[in-house]
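Asks: need a 3D model of the sequence below.
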Amino acid sequence: MKDQSNLTHWTERTDLAAAFRWTARLNMHEAVANHFSLAVNDDGSRFLINPAGRHFARITASSLIEIDAHDPTTMDRPDAPDPTAWGLHGSLHRACPHARCAMHVHSIHATVLASLADSRLPAIDQNTAMFHNRVVVDEHYGGMAFSDEAARCVQLLADPKITTLIMGNHGVLVIGRSVAEAFNRLYYFERAAETYILALQTGRPLRHLPEDVADKTAREWEDFPGFAEDHLREIKAVLVADSPDYAT
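Replies: Next up, the predicted model:
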């Protein structure tokens, strides 16, 4: 185990590192792009994020950098994050303190959905119902998520009920109150998008859930006790057994 004397927020670091590692195992990462962040102070302005150019499969707890969303000199640091990571996550943590953890990927099925003329995710099964009335679609892609584009996107997450931003022609951004909640949401959104895309490929009519059932199911997902925490705990148990360096 690495000397932790100069590192704060160790539990948060190990949780986030585990999420990076598992995202790589699920092939939901993309080269050395994409980024996760986690707020570590009360107003959410200080956050952990992955360093630029580091593969998700090599992220460790100690390699995560802590930065200040209000510090304009962040990109002058020798360990500065990816400019789009600073743009997107800096903007998010400045504007949306309820978004404690944010995860952005270009995973295959989420990006296919984001590329459709109609990128909405209908409630056609239990997993898609998790996101019923909790997703917003950005239909005005304007290029990479540098500061101006990122700030525009982040405005769509101002409503605390919204947990997922489908970034049209781009990918997906999910938020949560913790690493466990955000990662569980990211995992299930990719599964839900896959189900929907495969259902569309059949060319057969879809069986949509009634509004009241979809809403009830979404609330049941939110109230399901300890589910996200159990998911992350088990991921960490697997990593401890075969890749313990994630927690160094």
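
Asks: which element is Thr111 on?
Replies: For Thr111, the enclosing helix or strand under DSSP states H and E is helix 108-115.

Asks: can you show me the strands along this structure?
Replies: Using DSSP state E, the strands assigned to the chain run over residues 35-39, 46-49, 65-68, 101-105, 135-138, 164-167, 171-176.

Asks: redo those as JSON lines? Include mean pLDDT, distance to Pro78 and mean neighbour count.
Replies: C-beta here means a position set from N, CA and C on the backbone, and glycine is covered the same way. Written out in JSON lines, the entries for these read as follows (pLDDT from 0 to 100; distance: least, CB to CB, whole Å; neighbours: other CB atoms under 10 Å):
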{"stretch": "strand 35-39", "mean pLDDT": "98", "distance to Pro78": "18", "mean neighbour count": "27"}
{"stretch": "strand 46-49", "mean pLDDT": "98", "distance to Pro78": "15", "mean neighbour count": "24"}
{"stretch": "strand 65-68", "mean pLDDT": "97", "distance to Pro78": "10", "mean neighbour count": "18"}
{"stretch": "strand 101-105", "mean pLDDT": "98", "distance to Pro78": "24", "mean neighbour count": "26"}
{"stretch": "strand 135-138", "mean pLDDT": "98", "distance to Pro78": "33", "mean neighbour count": "20"}
{"stretch": "strand 164-167", "mean pLDDT": "98", "distance to Pro78": "30", "mean neighbour count": "24"}
{"stretch": "strand 171-176", "mean pLDDT": "98", "distance to Pro78": "27", "mean neighbour count": "25"}
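
Asks: coming back round to it: dump the C-alpha coordinates for the helix holding Thr111 into CSV.
Replies: Taking only C-alpha atoms (Å, rounded to 0.1, in the frame of the first residue of the first chain), the coordinates of helix 108-115 have been written out as CSV:
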residue,chain,number,x,y,z
ILE,A,108,-20.7,2.2,-27.5
HIS,A,109,-24.5,1.9,-26.9
ALA,A,110,-24.9,5.3,-25.2
THR,A,111,-23.1,6.9,-28.1
VAL,A,112,-25.2,5.1,-30.7
LEU,A,113,-28.3,6.4,-28.8
ALA,A,114,-26.7,9.9,-28.7
SER,A,115,-26.3,9.7,-32.5
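
Asks: would you mark the buried spots in that helix?
Replies: Going by neighbour count (16 or more other CB atoms under 10 Å), the buried part of helix 108-115 is 109-111, 113-114.

Asks: who's the spatially most central residue of the chain bridged to?
Replies: A centroid search over the chain (CA atoms, centre = their mean) returns Met103, at 2.0 Å, as the residue closest to the centre. Beta-bridge partners of Met103, counted by DSSP bridges, are Phe36, Val174.
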